[in-house]
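**Student:** For reference, the sequence and a predicted model appear below.
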Amino acid sequence: MATLQRVCCKLAVGFSLAMCAGPLFAQPAVDGQWSSVIDWPIQAIHGIMLPNDKLLVWQSWATSAALWDPATGNFEDSQFPSVNIFCSGHAWLPDGRLLVVGGQRPDGISFGEPFADIYDPYNNTWASQDPSVPDVPAMGAGRWYPSATTLGNGDVLVMSGDMSPSLGANPLPQVYDHQTNTWRNLTGAMQVLPLYPRTFLAPDGRAIWLSNHQNETQYIYVSRT
């Protein structure tokens, strides 16, 4: 028994040493590697990688967004929409612009903003700040912590988000039509969902909401109401 124990101990020690020695032979070019901690002048509550290889970030109560260039490590200011887009939702449009929906009103409470805006990464401009670009119509009711999901035809499904502490989450799903710059209401799919619901595009064109409760996951038909 003692001999068997010694053999098992040697095997265990040898296996542990082999496991510990693994990272010594890692190839950063293949496996990747972590950089040292980088000090930023902004707490990036939201971060979106742009088609121009820069990162668009903003924080709560921000007066401006910022662009970070990973290649140089430099920051530059970006224009900021006329509303506070902290706790907003965002999704890509087919032309590479970013639709940002909802946000937080400046009263310090979770009152959702009904507004939407579009960021153009190629010109570093917001539609609300560019007189040559039509403003995005408001959604009708506020959304704080909404989810935005790009659909197969390039439109964007927006769901949930608090209207106010007393009214709770916005029960009306809406679809932004990127070609007509209008909103379409999915009145047949009205229900109260959690904030930032996990919503994805399904292969058949529907959207799917994944719940963290059994038997609550649902498909949403986005081509009708």
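**Tutor:** Looks like it arrived, so ask away.
**Student:** Low-confidence ranges, this protein, go.
**Tutor:** 1-24, 61-64, 108-110 (pLDDT under 70).
**Student:** now residue 66, which residues is it bridged with?
**Tutor:** Using DSSP bridges, the beta-bridge partners of residue 66 come out as residue 57, residue 77.
**Student:** ok, now which ones touch it?
**Tutor:** 41, 42, 56, 57, 58, 75, 76, 77, 78 (C-beta atoms under 8 Å, 6 or more residues apart in numbering). No exception for glycine: its C-beta is placed from N, CA and C like everyone else's.
**Student:** do residue 199 as well
**Tutor:** Contacts of residue 199 by C-beta under 8 Å, 6+ apart are 147, 149, 157, 159, 207, 208, 209, 210, 220.
**Student:** Roughly how far does the nearest residue to the fifth one once chain neighbours are set aside sit from residue 88?
**Tutor:** Once its chain neighbours are removed from consideration, residue 207 has its nearest residue in residue 220; the separation is 4.4 Å (C-beta to C-beta, 6 or more residues apart in numbering). The span separating residue 220 from residue 88 equals 20 Å under the rule C-beta to C-beta, to the nearest Å.
**Student:** which of these two has more neighbours?
**Tutor:** residue 88 (28 against 18; other C-beta atoms under 10 Å).
**Student:** Please tell me how far the more buried one sits from residue 205.
**Tutor:** For residue 88 relative to residue 205 (C-beta to C-beta), the value is 25 Å.
**Student:** ok, now residue 168?
**Tutor:** Counting by C-beta to C-beta - residue 168 and residue 205 are separated by 30 Å.
**Student:** where along this structure do the helices fall?
**Tutor:** 2-21, 28-31 (DSSP state H).
**Student:** Need the CA coordinates for the shortest one. PDB is fine.
**Tutor:** Output for helix 28-31, consisting of C-alpha atoms alone and laid out as PDB, is shown next (Å, rounded to 0.1, in the frame of the first residue of the first chain):
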ATOM      1  CA  PRO A  28       1.800  34.900 -28.000                       C
ATOM      2  CA  ALA A  29       1.500  35.200 -31.800                       C
ATOM      3  CA  VAL A  30      -0.800  32.200 -31.800                       C
ATOM      4  CA  ASP A  31      -2.500  32.100 -28.300                       C
END
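**Student:** quick one: buried residues of it?
**Tutor:** Judged by neighbour count (16 or more other C-beta atoms under 10 Å), helix 28-31 contains no buried residues.
**Student:** Please shift the residue numbers so they start at 38 in all later answers.
**Tutor:** Got it, first residue is 38 now, which makes that one helix 65-68.
**Student:** Quick one: list the elements packing against it.
**Tutor:** Packing partners of helix 65-68 (3 or more C-beta pairs under 8 Å, 6 or more residues apart in numbering; DSSP states H and E): none among the helices and strands.
**Student:** so which of the contacts of residue 103 is the most crowded?
**Tutor:** residue 95 (25 neighbours).
**Student:** Chain neighbours aside, what residue packs nearest to that residue?
**Tutor:** residue 102 (4.2 Å).
**Student:** just checking, that neighbour touches residue 115?
**Tutor:** Yes: using C-beta atoms under 8 Å, residue 102 is in contact with residue 115, at 4.2 Å.
**Student:** Name the residues contacting each of the two.
**Tutor:** residue 93.
**Student:** Which neighbouring residues are in contact with residue 104, exactly?
**Tutor:** Here residue 104 is in contact with 87, 91, 92, 93, 94, 112, 113, 114, 115, 161 (C-beta under 8 Å, 6+ apart).
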